[in-house]
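> Below: sequence and its predicted model.
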Amino acid sequence: MTQTPTDTPRRDEWPLWEVFVRAKNGLEHKHCGSVHAVDARMALELARDLYTRRQEGVSIWVVRSDQIVASDPDAKPELFDPSADKIYRHPTFYRLPAEVDHM
Amino acid sequence: MYTQAMDLIAKEAGNTTPATAEPEAYQREFDAKIDRGDFIEPKDWMPEGYRKTLIRQISQHAHSEVVGMLPEGNWITRAPTLKRKAILLAKVQDEGGHGLYLYAAAETLGVSRTELIEALLSGKAKYSSIFNYPTLTWADVGVIGWLVDGAAIMNQIPLCKCSYGPYARAMVRICKEESFHQRQGYESLLVMMREGTPEQKAMVQDAVNRWWWPALMMFGPPDSESVHSPQSMRWGIKRVSNDELRQKFVDATVPQAEVLGVTLPDPHLKWNPERGHYDFGPINWKAFWDVINGHGPCNRDRMAARRRAWEEGAWVREAAEAYAEKAKRRATTHPTAA
């Protein structure tokens, strides 16, 4: 953390952490929000108080937000549009006789 | 994702908006998304006005949750039973949590937590008018749950479908928890009305008399005078008009008051079979604006309490930072004892 040159108290913001909660064993951890915390331990404690007050989870992950690399929304067409014309990748593309269609 | 930090990553990686991109094309795509009922997510292009309106609305909402802890917090140490005290503690903790969900949603729009809190403490940012009224008796706690949280739910349910993803998701979470708030309030009033002494029943009626009109004002000025409404409707930030929500609240509340055995303090309140709604008397909008503009019964107290909490909590924040620093140093000088 950087110290400000003046006598004013430090106002730099605590890092942001993304919170992922596993609702129950057998399910994946799912993103549910974020918290500001000085370190990972505090982030876990705050996430527990904030996101699991009503038995919403059995396990929590916290990840520093600035460690997440995200795709660029402007790249959406080249990233995701090509899959639109590959309907043969879906089972529904194939017409089968009614007797065997539940396959 | 709830992070403005990712925008920095995209910039560093050179993934900035291409210089050739037409703003009109972005605007068209944005409008089309809104028209289709799609959600807008943090990194998507959005008009500046949309971003600013959302920051204002979400942060005011967050501030309201945080200031909203004060009127009820007033009764935690004086709750009549351990059960009621545990319930009230849980409720006030929820309100603080709602504030945090909403601050996080606002931060995805590129404003920092520090800026948001400073805007509240300096008095620059507004919060809901309802929290500037005092909680004089224990019955106020029940009436706040029933009427104030009831009005809040009416307001917030349409926001679960608002066009901005992080705000909509925060609202889904909040609405689930608000239902507990309203029911616990109504149930505590029911106990007082059914098993209480005449004095206790009178206390409930008195609290209803004081909170009814402020609760109706929570929906905001009439549609004819609501400055931001048409644009917010267009943007899908607001789904139902102030007057429509207010009417819905009145229609839902009258039968609840009957079951409870209290009267609502409005001589004009009457079922109108032609409209299929309850008619109600005129609202004193001057009183509403007075409170909004800082002259309600408790505006000064509320702000003073928030500032005191922030200042007196400074050592906790400093200690947490110092501890994290120390732990980090230890980890580097004594690498894992294990």
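Perfect, I can see it now.
> Work out for me the element the residue of the stretch 51-200 of chain B found nearest chain A sits within.
Closest to chain A within the stretch 51-200 of chain B is B:A104: 4.8 Å, counting by C-beta to the nearest C-beta. Any C-beta I mention is one placed from the backbone N, CA and C, and that applies to glycine too. Using DSSP states H and E, the element containing B:A104 is helix B:82-107.
> So which residues of chain A form strands?
With strands called from DSSP state E, chain A shows them at A:16-22, A:29-36, A:59-64.
> Pull up the residues of chain A that are close to chain B.
A:1, A:9-11, A:13-14, A:16, A:18, A:31-36, A:38-39, A:41-42, A:49-50, A:53-54, A:65-66, A:68-70, A:72-75 (C-beta under 8 Å from any C-beta of the partner chain).
> Buried ones among these?
A:14, A:16, A:18, A:32-36, A:38-39, A:42, A:50, A:65-66, A:72, A:74 (16 or more other C-beta atoms under 10 Å in any protein chain shown).
> hang on, the earlier thing: from the contact counts, what lies against the helix holding B:A104?
strand A:29-36, helix A:40-51, helix B:48-67, helix B:69-73, helix B:113-121, helix B:165-195 (3 or more C-beta pairs under 8 Å, 6 or more residues apart in numbering or on different chains; DSSP states H and E).
> average pLDDT for that helix?
Mean pLDDT, computed over helix B:82-107, is 97.
> buried residues in that helix?
Using 16+ other C-beta under 10 Å as the burial criterion, the residues of helix B:82-107 that qualify are B:84, B:87-88, B:91-92, B:94-95, B:97-107.
> what does stretch B:260-269 give?
Neighbour counts using 16+ other C-beta under 10 Å place B:260, B:262, B:264, B:266, B:269 of stretch B:260-269 among the buried residues.
> Over to stretch B:162-181?
Under the neighbour-count criterion of 16+ other C-beta under 10 Å, stretch B:162-181 has B:162-171, B:173-175, B:177-178, B:180-181 buried.
> Now do the one residue in the stretch 201-338 of chain B that gets nearest to chain A: how many residues are near it, please.
In the stretch 201-338 of chain B, no residue comes nearer to chain A than B:A324, which is 3.8 Å away by C-beta to the nearest C-beta. If you count neighbours by other C-beta atoms under 10 Å in any protein chain shown, B:A324 ends up with 19.
> cool, B:P282 as well?
Neighbour count of B:P282, defined by other C-beta under 10 Å: 7.
> Quick one, grab the pLDDT at it.
Looking at B:P282, its pLDDT is 96.
> so how far is B:P222 from the nearest residue to it once chain neighbours are set aside?
Closest residue in space to B:P282, ignoring its immediate chain neighbours: B:H268 at 7.9 Å, by C-beta to C-beta, 6 or more residues apart in numbering or on different chains. Separation of B:H268 from B:P222 (C-beta to C-beta, to the nearest Å) stands at 16 Å.
> Next up, the contacts around B:S64.
If you count contacts by C-beta atoms under 8 Å, 6 or more residues apart in numbering or on different chains, B:S64 has them with B:127-128, B:130-131.
> Now for the residues you listed: which two are most distant?
Greatest spacing in the contacts of B:S64, by C-beta to C-beta: B:Y127 and B:I130 (9.1 Å).
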